[in-house]
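Colleague: After the sequence you'll find the predicted model.
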Amino acid sequence: MDVQQNRIQGAVEVDAVDRQLLRLLRDDGRRPNAEIARALGVSEHTVRKRLDRLRDKGVLRIIGLLDPAATGFPVDVLIGIGVRHGLVREVGRRLAAQGCVAFVGHTTGRYDLIVEAVFQDNDALLAFLGDTLATMRGITKTEAFHVRGVEKFKYMWDLPADGSSEWRATLTKGEAIDQAIASILAMDEEAAVRVAEDVLASALDPLEVLEGGFTVGMRKVGDLFAGEEMGVHELALAADAMKGALGILESAMPRRVKGQDHGTVVIGTVEGDVHDIGKTILVTMFEVSGFTVHDLGRNVPVDVFVKAVEDHDADLVGSSALMTTTMFMQQRLELALKAAGLRDRVKTMVGGGAATQGWADKIGADIYADNATDAVLRAKEARA
């Protein structure tokens, strides 16, 4: 689906309902009108009328996009073309009529036209350059750029915000996830924040990108750190990037799902351990999923965990340990809860880079989870 400015008739008035309708179709151009109507809270008749108006005004086109390489045309070439004065439009029209040409644009700079063309092989490309272009009236020079790889390709654009003149390319979920992982591995906080902002601007689910992208990136960083391929400084930079992105994404997450109450959770990172990214993500996931959460922070002594369980009448206590040198504190917490007479009334969950299912079984913890989504699911099961 293309969303484009109407260059002939001028700007078309697009209201909030139109914008949401266009975003729904941008994600899936085959989405049924009935589904769109339900998502917007309007009638199907309203959806049909709005679609007809947007198509008539040239704002919306629903098209099928093909991948030339996948259909037997792997040679993709950009060609700069110089044209004799007064013949640019004529040459442009002739080029546009060529079956191999996908794009013709009038430009400023050293060339008058930029053309994109696709071919089955290099022989077809050479024939186009040597036979077609070399003999076309008005062409004075050409320069071909063989596209050997693509870092970014955009066909989806979001509408400018109300009152803004800036159009921006939007992300698909796959692109957002890939960019989120890359920003964490690059330890680039600015890039991570930019990806998070683009996720919200693209109307993507922040939880999906958080779990599938940023969290995966941090897990990869943890593996690199454990394998001594990344130092403490790099780990801290990656954590800062994660925190920056999380701060943006949290703004779009409901703090509590209305009507849900899955219980009270006390959570913290154990004493001696100051790494809290995984724990912070889990706090967000718990809150979004309908739990009441008391976040004790990091470097939390065992007695503070125990007091919080008693003070808040907690249903679940979660402890995180990233390092093997601090994971024994999770076992001490199990023992301290028993000594305080609280263990039978509260479920315990262990997590963090150092924890495993075997460790949870050994110390008697009720739940082990290696990611935030699994942790929330297991917590709900434990409360059922």
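Modeller: Thanks, I have the structure now.
Colleague: any idea of the pLDDT on the most centrally placed residue in the chain?
Modeller: Centroid-nearest residue in the chain, with C-alpha atoms, centre = their mean: residue 176, separated by 2.7 Å. If you check residue 176, the pLDDT there is 89.
Colleague: so what's it up against?
Modeller: Taking C-beta atoms under 8 Å, 6 or more residues apart in numbering as the criterion, residue 176 is in contact with 195, 198, 199, 202, 204, 209, 213. C-beta here means a position set from N, CA and C on the backbone, and glycine is covered the same way.
Colleague: any idea how far it lies from residue 282?
Modeller: Using C-beta to C-beta, to the nearest Å, one obtains 21 Å as the distance from residue 176 to residue 282.
Colleague: Same question for residue 329.
Modeller: 17 Å.
Colleague: Between those two, tell me which one has more neighbours.
Modeller: More neighbours surround residue 282 than the other of residue 329 and residue 282, with 28 against 20 (other C-beta atoms under 10 Å).
Colleague: Might one say that the more buried one is in contact with residue 372?
Modeller: Yes: counting by C-beta atoms under 8 Å, residue 372 is a contact partner of residue 282 at 4.7 Å.
Colleague: This structure - how does it break down into domains?
Modeller: 2-61, 68-146, 171-250, 264-383 (automatic domain parsing).
Colleague: For the third one, what is the distance to the chain centroid?
Modeller: Distance of domain 171-250 from the chain centroid (C-alpha atoms, centre = their mean, to the nearest Å) equals 9 Å.
Colleague: And for the first one?
Modeller: Here the centre of domain 2-61 is set off from its chain's centre by 24 Å, with C-alpha atoms, centre = their mean.
Colleague: Repeat that for the second one.
Modeller: With C-alpha atoms, centre = their mean as the basis, domain 68-146 stands 35 Å off its chain's centre.
Colleague: Kindly report the same for the last one.
Modeller: Taking C-alpha atoms, centre = their mean, the mean C-alpha location of domain 264-383 is offset from the chain mean by 28 Å.
Colleague: What's the separation between the residue nearest to the centre of the chain and residue 185?
Modeller: For residue 176 relative to residue 185 (C-beta to C-beta), the value is 15 Å.
Colleague: quick one, helices of the stretch 201-350 of the chain?
Modeller: 206-209, 215-226, 232-250, 277-288, 302-311, 328-339 (DSSP state H, counting those that start in this stretch).
Colleague: buried residues in the shortest one?
Modeller: Just to be clear, that refers to helix 206-209. Residues of helix 206-209 classed as buried: 206, 207, 209 (neighbour count, 16 or more other C-beta atoms under 10 Å).
Colleague: The second one against residue 281, yeah?
Modeller: Looking back up the chat, that one is residue 207. No: assessed by C-beta under 8 Å, residue 207 is found out of contact with residue 281, at 10.2 Å.
Colleague: one step back: which single one of the buried residues of helix 206-209 is nearest to residue 249?
Modeller: The nearest member of these to residue 249, counting by C-beta to C-beta, is residue 206 at 4.1 Å.
Colleague: So the closest one is in contact with residue 249, correct?
Modeller: Yes: counting by C-beta under 8 Å, residue 206 does reach residue 249; the two are 4.1 Å apart.
Colleague: doesn't the residue nearest to the centre of the chain fall inside a strand?
Modeller: No: read with DSSP: H, G, I helix; E, B strand; the rest coil, residue 176 is helix and lies in no strand.
Colleague: And it, how close does it get to residue 15?
Modeller: 27 Å.
Colleague: do residue 122 as well
Modeller: Distance check for residue 122 against residue 15: by C-beta to C-beta, it reads 50 Å.
Colleague: ok, now residue 206?
Modeller: Counting by C-beta to C-beta - residue 206 and residue 15 are separated by 25 Å.
Colleague: One more: residue 261?
Modeller: Residue 261 is 37 Å from residue 15, by C-beta to C-beta.
Colleague: ok, residue 40 touching residue 47?
Modeller: Yes: with contact defined as C-beta under 8 Å, residue 40 reaches residue 47; the gap is 7.1 Å.
Colleague: what is in contact with the two at once?
Modeller: Joint contacts of residue 40 and residue 47 (C-beta under 8 Å, 6+ apart) are residue 21.
Colleague: Could you list the low-confidence segments of the stretch 101-250 of the chain?
Modeller: For the stretch 101-250 of the chain, applying pLDDT under 70 flags the ranges 152-170.
Colleague: how about the strands of it, start to end?
Modeller: Remark: strands assigned in the stretch 101-250 of the chain by DSSP state E, counting those that start in this stretch are 101-106, 113-119, 139-146, 157-158, 168-169.
Colleague: closest to residue 93 out of the ones you listed?
Modeller: strand 101-106 (8.5 Å).
Colleague: Counting by contacts, list what that closest one packs against.
Modeller: Strand 101-106 sits against helix 88-96, strand 113-119, with contacts defined as 3 or more C-beta pairs under 8 Å, 6 or more residues apart in numbering; DSSP states H and E.
Colleague: Only alpha carbons, please: show the shortest one as CSV.
Modeller: Okay, so that is strand 113-119. The C-alpha trace of strand 113-119 is given here as CSV (Å, rounded to 0.1, in the frame of the first residue of the first chain):
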residue,chain,number,x,y,z
LEU,A,113,17.6,11.6,-14.8
ILE,A,114,18.0,8.7,-12.4
VAL,A,115,16.7,5.3,-13.6
GLU,A,116,16.4,2.0,-11.7
ALA,A,117,16.2,-1.1,-13.9
VAL,A,118,16.3,-4.9,-13.2
PHE,A,119,17.6,-7.6,-15.5
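Colleague: Thank you, goodbye.
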